[in-house]
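>>> sequence first, predicted model second:
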Amino acid sequence: MIGYRRSDRMERKIYLSNTDIEEAVSLYLERLEPCIRNTAIEKIDIREAKGRVTAKPIFARTSSPNHNAAAMDGIMVIASKTYSASEANPVILNKGSDFEYVNTGHVITEPYDSVIMIEDIVDLGSDQVKIMVQASPWQHIRPIGEDIVAGEMILPENHQIRPMDIGAVLSGGRTEIEVYEKIKVGIMPTGNEITDRYDDLPKGKLFDTNSWTFRAIVEDWGGIAERISPVEDEYDKLKTALLDLAQRNHVVVVNAGSSAGSKDFTAKLIEELGELVLHGIAIKPGKPTILGIVKGKPVIGVPGYPGSAFLVFEEVVGPVIKKLQHMRMQLAQEVKATVSRRMVSTLKYREYIRVKLGKVGDKLIATPLNRGAGVTMALVKADGLMVIPRNSEGYETGDEVRVTLTNDMSVIENTIVSIGSHDLIMDLIGSILGRNGRSLSSAHVGSMGGIMAIKRGEAHIAPIHLLDENTGEYNKTYIEKYLGQERAVLVKGVRREQGFMVAKGNPKNIRTIEDLAREDISFVNRQKGSGTRILTDYLLNRHQIEGKNISGYDRDMTTHMAVAAAVESGTADVGVGVYSAAKVMGLDFISIGYEDYDFAVPEKYLNTEMLRAFIEVLNSEEFKSILKDLGGYGL
Ligand SMILES: Nc1nc2c(c(=O)[nH]1)N[C@H]1C(S)=C(S)[C@@H](COP(=O)(O)OP(=O)(O)OC[C@H]3O[C@@H](n4cnc5c(N)ncnc54)[C@H](O)[C@@H]3O)O[C@H]1N2
Ligand code: MOO
């Protein structure tokens, strides 16, 4: 056992090991060697065998074709009788003695040994044909066993059956084959706060999401998942559930309860019931992973956070299931990319970061997504997985990195990379573009962040809403000032309504910008550089109100939704934002006017097919009617 010591005095004290992932997995797989015998062999019909793994090689019973067969429509002939044929000296053949008509696939019978295509003969009537070219023996004939010879090995053992394998095995005259049984995986979510009733979410409860994701992955890998409802954090209940699942399944995955909390029982449980092989891997996320064996079955404690859970399931549970299933490990496809942002990492762990990829110019750009272990949307949006090795401090902007693809390169190459300010419409446009095989990836870093991304050559477009405080005009001057060198142009987007977001019914009666300075009002602001912040400051300036006279002026949020959430929860009375955020949160909205949400686009991309498609969507009637339904946009 590595890295775990139990002290009678301090039950909570758990020493996590910090073993390299390769070492941890290979040590564990070695220990699981005896468990492989648990995987039985069964006979099934090849027609139902897609995805199954062969337990024995499969040999052909019959040849394919099992007779010499015509490969073309025409006549079968005796080659030696055609040798003197030429343009100048055609040969006449008689049906019955010199030739017979055949269609593709027909049996070639003795004494015939060659086929001439129908287009190469002249029909003279009365069962006679004329040929002008000699035929060579066996031309246009598929000989016996051309495809498969009886006794030949069609598939080796430990081979995962694909659609074309089914055809080949049937061609070889076999229906029944021997495969390994499907691996059964017991999935056990744990935690008092975890619920699998999805109609309602009481405060303090969390939906059980991991176990369903696990179940789907197991099915993808060709296994059978037995998922149970979340088990409460009570030692005896956990014990009963674990033993029960271990009895019926080849592998058990216990989700959450893997770290050092007072209710984190998984490691203790495994130690009591069997053997704790290892607790703690040098990866982030996923460090409190537990590897154990109970009743001869692998039991894996997977950390609770969805980001950690998904990674550990793929990187650690995956190899175990594949080993028991006798499946070969597949190497993931790797690409080289340029990181668009500095990323600091700890020396202690190997860190896994989900990235968005996009081909901008000739560079493949990797933009890191939210690193939080609790974030599922990073998994949904990712195109790849980037690794920062242990003992590395991370990467600087512009460094070359290796990324394991989790999306198709063809999709990535047809993706418009948008970096800048966020609006709901970006996802809607992306969804429409998807109909024609394109996609749109949008990173939200605020308007100025978008301008800088264009400057660094990392985005095709930057959505911006930047007010020039001198002219009162949007966007144009910013593009001229910052993106002159890039020869960027302004593509008109939408007019968006900005306003005060206040609690339902506007209890504090907030009407104008002056109200923000009232003593009984607390405000929540947006971060510097965001278009909304510039608008707020512009309005305050015009009314000669100073930030320091507004309570909450220094409280920054980075999204419209975060501002709306602060108002909704009552920690602020008012914030500035877009109509859609107020609507989602059930807040009242007091309009302060329209802003221009446009796109900065380098001229060189303007005429690409992708950008033309994007602009087409913007101008479409369908899009206009979507805006109308959403509300909060000027038409
Ligand atoms: N003092 C320490 N605290 C923590 C450590 C540590 O080393 N010392 N490690 C942290 C790390 S890293 C991780 S990862 C988590 C692991 O937590 P557990 O595996 O013990 O899981 P819980 O605490 O029970 O739950 C954490 C979190 O996970 C989510 N969750 C749990 N189950 C589900 C489910 N079925 N579906 C969706 N999401 C689930 C949920 O957000 C829980 O709050 O511990 C840190 N703490
Ligand atoms: O390392 Mo913990 O696994 O998520 O963040």
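The structure has been received and is ready for your questions. Numbering: from 1, shown residues only. Ligands and ions are numbered 1, 2, ... in the order given.

>>> low-confidence ranges in this protein?
Along the chain, the model assigns pLDDT under 70 to residues 1-15, 635.

>>> what does this protein have sitting close to ligand 2?
By C-beta under 6 Å from any ligand atom, the residues of the chain that approach ligand 2 are 284-287, 303, 305, 308, 373. Bear in mind the C-beta positions are built from the backbone N, C-alpha and C, glycine included.

>>> considering only the residues you listed, which also neighbour ligand 1?
When contact is defined as C-beta under 6 Å from any ligand atom, these meet ligand 1 at 285, 287, 303, 305, 308, 373.

>>> before we move on, the earlier item: now, the residues of the chain next to ligand 2 that are in helices?
residue 308 (DSSP state H).

>>> in the stretch 501-635 of the chain, what residue is nearest ligand 2?
residue 558 (21.6 Å; C-beta to the nearest ligand atom).

>>> name the nearest residue to that residue, sequence neighbours excluded.
Using C-beta to C-beta, 6 or more residues apart in numbering and skipping residues adjacent in sequence, the residue nearest residue 558 is residue 527, 5.2 Å away.

>>> run a quick neighbour tally on the one you found.
Close neighbours of residue 527, defined as other C-beta atoms under 10 Å, add up to 14.

>>> contacts for the longest helix seen in the chain?
Looking across the chain with DSSP H, the single longest helix is helix 235-248. Residues outside helix 235-248 that contact it (C-beta atoms under 8 Å, 6 or more residues apart in numbering): 184, 186, 188, 190, 226, 228, 231-232, 252, 254, 257, 265-266, 268-269, 272-273, 294-295, 297, 299.

>>> same check, this time on stretch 90-101
Outside stretch 90-101, the residues that reach it (C-beta under 8 Å, 6+ apart) are 74-78, 81-82, 84-85, 109, 112, 116, 122, 124, 127-132.

>>> got the buried residues for stretch 536-556?
536-540, 545, 547, 550-553, 555 (16 or more other C-beta atoms under 10 Å).

>>> to clarify, my last question referred to stretch 336-349.
Here stretch 336-349 shows 337-341, 343, 345, 349 as buried, counting by 16+ other C-beta under 10 Å.

>>> before we move on, back to that, next step: the buried residues of stretch 536-556 restricted to helices.
Going by DSSP H, the helices hold 536-540 from the buried residues of stretch 536-556.

>>> tell me who's in contact with the residue nearest to residue 558.
Contacts of residue 527 by C-beta under 8 Å, 6+ apart are 446, 533, 556-558.

>>> show me the residues you listed that map onto helices.
Using DSSP H, the subset of the contacts of residue 527 located in helices is residue 533.

>>> let me know the closest of the contacts of residue 527 to residue 568.
For the contacts of residue 527, the closest approach to residue 568 (C-beta to C-beta) belongs to residue 557, at 12.4 Å.

>>> verify the contact between that closest one and residue 572 for me.
No: using C-beta atoms under 8 Å, residue 557 is not in contact with residue 572; the gap is 9.2 Å.

>>> more neighbours, those two?
Using other C-beta under 10 Å as the criterion, residue 557 and residue 572 rank with residue 572 on top: 24 against 21.

>>> now for residue 338: which residues touch it?
363-366, 398-401.

>>> try it again with 10 Å
Going by C-beta atoms under 10 Å, 6 or more residues apart in numbering, residue 338 touches 360, 363-367, 395, 397-401, 456-458.

>>> what kind of secondary structure is it in?
strand (DSSP: H, G, I helix; E, B strand; the rest coil).

>>> still on that earlier bit, give the buried residues for the longest helix of the chain.
For helix 235-248, a neighbour-count test (16+ other C-beta under 10 Å) marks 238-239, 241-242, 245-246 as buried.

>>> which one of these sits closest to ligand 2?
residue 238 (20.1 Å).

>>> leaving out the residues flanking it, which one is nearest to the residue in the chain positioned nearest to ligand 1?
Nearest to ligand 1 in the chain, going by C-beta to the nearest ligand atom, is residue 304, at a distance of 2.6 Å. Leaving aside its chain neighbours, residue 304 sits nearest to residue 256 (3.1 Å; criterion: C-beta to C-beta, 6+ apart).

>>> ok, residue 18 next?
Residue 18's closest residue in space is residue 282 (C-beta to C-beta, 6+ apart), at 4.6 Å.

>>> residue contacts, the one you found?
Per C-beta under 10 Å, 6+ apart, neighbours of residue 282: 16-21, 23-24, 348-351, 390-391.

>>> for PyMOL, write the select line for the buried members of the residues you listed.
A single PyMOL command selects the buried members of the contacts of residue 282 (16+ other C-beta under 10 Å):
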select buried, resi 16+18+19+21+24+349+350+351+390
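
>>> would you format the contacts of residue 282 as a markdown table with secondary structure and distance to ligand 1 included?
Converted to a markdown table, these look like this (DSSP: H, G, I helix; E, B strand; the rest coil; distance: C-beta to the nearest ligand atom, whole Å):
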| residue | secondary structure | distance to ligand 1 |
| --- | --- | --- |
| 16 | coil | 6 |
| 17 | coil | 12 |
| 18 | coil | 11 |
| 19 | strand | 15 |
| 20 | coil | 17 |
| 21 | helix | 14 |
| 23 | helix | 19 |
| 24 | helix | 15 |
| 348 | coil | 12 |
| 349 | coil | 10 |
| 350 | strand | 14 |
| 351 | strand | 12 |
| 390 | coil | 16 |
| 391 | coil | 19 |
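
>>> from the contacts of residue 282, which single one is nearest ligand 2?
residue 349 (7.4 Å).

>>> quick one: that closest one and residue 64, what's the gap?
Distance, residue 349 to residue 64, using C-beta to C-beta, to the nearest Å: 54 Å.

>>> what do you get for residue 617?
Distance from residue 617 to residue 64, by C-beta to C-beta: 51 Å.

>>> with residue 584 instead?
Counting by C-beta to C-beta, the gap from residue 584 to residue 64 is 62 Å.

>>> swap in residue 101?
24 Å.

>>> now residue 475
Distance of residue 475 to residue 64, computed by C-beta to C-beta: 67 Å.
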